[in-house]
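Colleague: Pasting the sequence and the predicted model now:
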Amino acid sequence: LLFISPSKALSNQVYLEASARFEKNYKEPGKHLMGIFTPEARGNETSCQILVTDPECLDGLLIDPVYAMWRKRIKYIIFDEVHAMNT
C-alpha cells in the first residue's frame, strides 16, 4: 500500500500515528509494517507493507531504478486530501 499525503509534515504525522497504533510481527527478519519516504526521513522503504510519502518523493520512487522491485509490489495507492494536491 502506498499512502500519499499532501505535505512532508502530514507524511511524518501519518507515519508516527499509524506506527504507534498498529503493529505486526513478521516471521521473516527485516520486514516491517510501516515505512516512510520523505526528503527528511527515510526508513523501511524497501521492506514495508505500507509506505507513507508525499507527492515530491513519489516521483523519485516511481522513476529511480533502485526501487524497481518495490514498485512491482504496489497493489493500492491512497491519496490523502487529493483535492489539495496541485500535481
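Modeller: Received it, and whenever you're ready, just let me know what you need. Quantities reported herein were computed from a predicted structural model and do not represent experimental measurements.
Colleague: gap between the nearest residue to C48 once chain neighbours are set aside and V14?
Modeller: Leaving aside its sequence neighbours, C48 sits nearest to G35 (Cβ to Cβ, 6 or more residues apart in numbering; 3.1 Å). For every residue, glycine as well, the C-beta is placed using N, CA and C. Separation of G35 from V14 (Cβ to Cβ, to the nearest Å): 12 Å.
Colleague: Overlap of the contact sets of these two?
Modeller: With Cβ atoms under 8 Å, 6 or more residues apart in numbering applied, the overlap between the contact sets of G35 and V14 consists of V52.
Colleague: buried ones in the helix or strand of the chain with the lowest mean pLDDT?
Modeller: Within the chain, confidence by mean pLDDT, DSSP states H and E is lowest for helix 68-72 among all helices and strands, at a mean of 80. The neighbour-count check on helix 68-72 (16 or more other Cβ atoms under 10 Å) flags W70 as buried.
Colleague: Just after it, pick out the following helix or strand.
Modeller: Toward the C-terminal end, the helix or strand that comes next after helix 68-72 (DSSP states H and E) is strand 77-79.
Colleague: Quick one: neighbours of L2, just the number.
Modeller: One way to gauge burial is a neighbour count; for L2, by other Cβ atoms under 10 Å, it gives 21.
Colleague: which ones are touching the closest residue to it other than its chain neighbours?
Modeller: Excluding the flanking residues, the one nearest L2 by Cβ to Cβ, 6+ apart is I77, at 4.6 Å. Taking Cβ under 8 Å, 6+ apart, we find I77 in contact with 1-4.
Colleague: what's the distance between I77 and I50?
Modeller: Computed as Cβ to Cβ, the I77 to I50 distance reads 11 Å.
Colleague: got any residues that touch both of the two?
Modeller: With Cβ under 8 Å, 6+ apart applied, the overlap between the contact sets of I77 and I50 consists of 1, 3.
Colleague: max-length helix in this structure?
Modeller: helix 8-21 (DSSP state H).
Colleague: Could you name the specific helix or strand carrying L58?
Modeller: helix 55-63.
Colleague: how far does that helix sit from the chain's center?
Modeller: Distance of helix 55-63 from the chain centroid (Cα atoms, centre = their mean, to the nearest Å) equals 11 Å.
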